[in-house]
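Q: I would like the atomic coordinates for the input below:
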Amino acid sequence: MPDHTGDRVVDVAGGEIGGQALRLGLIDQVVVNLVPVVFGSGRPFFATGSLAGPILLDNPSQIIRGDRVTHLVYDVAKS
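A: This next block holds a predicted model:
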């Protein structure tokens, strides 16, 4: 799919919109901010909805340690 944003960066959060964009192949990177808290329950990061198949992420391209947080940057594997 052509890049309609040129060289600009466009951020999309998780949830329903993020899940739709991921399913449509519009996402190049997924950033996960890992915080060491256990809630016991929660919601899926990319909302609900079925995928045609698994969406593979490459190995993290960046791992950034912070104070009680680890930022992981994954490129979405292109098939």
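
Q: break down this protein into its helices, ranges please.
A: 15-23 (DSSP state H).

Q: residues in contact with the longest strand seen in the chain?
A: What stands out as the longest strand in the chain, according to DSSP state E, is strand 57-65. The contact list for strand 57-65 (C-beta atoms under 8 Å, 6 or more residues apart in numbering) reads 29, 30, 70, 71, 72, 73, 74, 75, 76, 77. Just so you know, the C-beta spots here come from the backbone N, C-alpha and C atoms, and that holds for glycine as well.

Q: so the second one sits against residue 76, correct?
A: When you say that, I think you mean residue 30. Yes: contact status for residue 30 versus residue 76: in contact at 6.4 Å, counting by C-beta atoms under 8 Å.

Q: which one of the two is surrounded by more residues?
A: residue 30 (20 against 16; other C-beta atoms under 10 Å).

Q: contacting residues around the more buried one?
A: By C-beta under 8 Å, 6+ apart, the neighbours of residue 30 are 22, 57, 73, 74, 76.

Q: and the fourth one, what does it touch?
A: Contact analysis of residue 74 by C-beta under 8 Å, 6+ apart lists 29, 30, 31, 32, 57, 58, 59, 60, 61.

Q: tell me the bridge partners for it.
A: When assigned by DSSP bridges, residue 74 has beta-bridge partners residue 30, residue 60.

Q: just for the chain, where's the confidence low?
A: 1-6, 43, 47-52, 79 (pLDDT under 70).

Q: give me the distance between the most centrally placed residue in the chain and residue 44.
A: Centroid-nearest residue in the chain, with C-alpha atoms, centre = their mean: residue 30, separated by 2.7 Å. Here the criterion is C-beta to C-beta, to the nearest Å. By it, residue 30 lies 13 Å from residue 44.

Q: ditto for residue 14
A: 8 Å.

Q: the more surrounded of these two?
A: Per other C-beta under 10 Å, whichever of residue 14 and residue 44 has more neighbours is residue 14, with 16 against 10.

Q: phi first, then psi, for the nearest residue in space to the more buried one that is not next to it in sequence.
A: Counting by C-beta to C-beta, 6 or more residues apart in numbering, residue 45 is the residue found nearest to residue 14 once chain neighbours are left out, at 4.5 Å. In terms of degrees, to the nearest 10, the main-chain angles of residue 45 are phi -60, psi -40.
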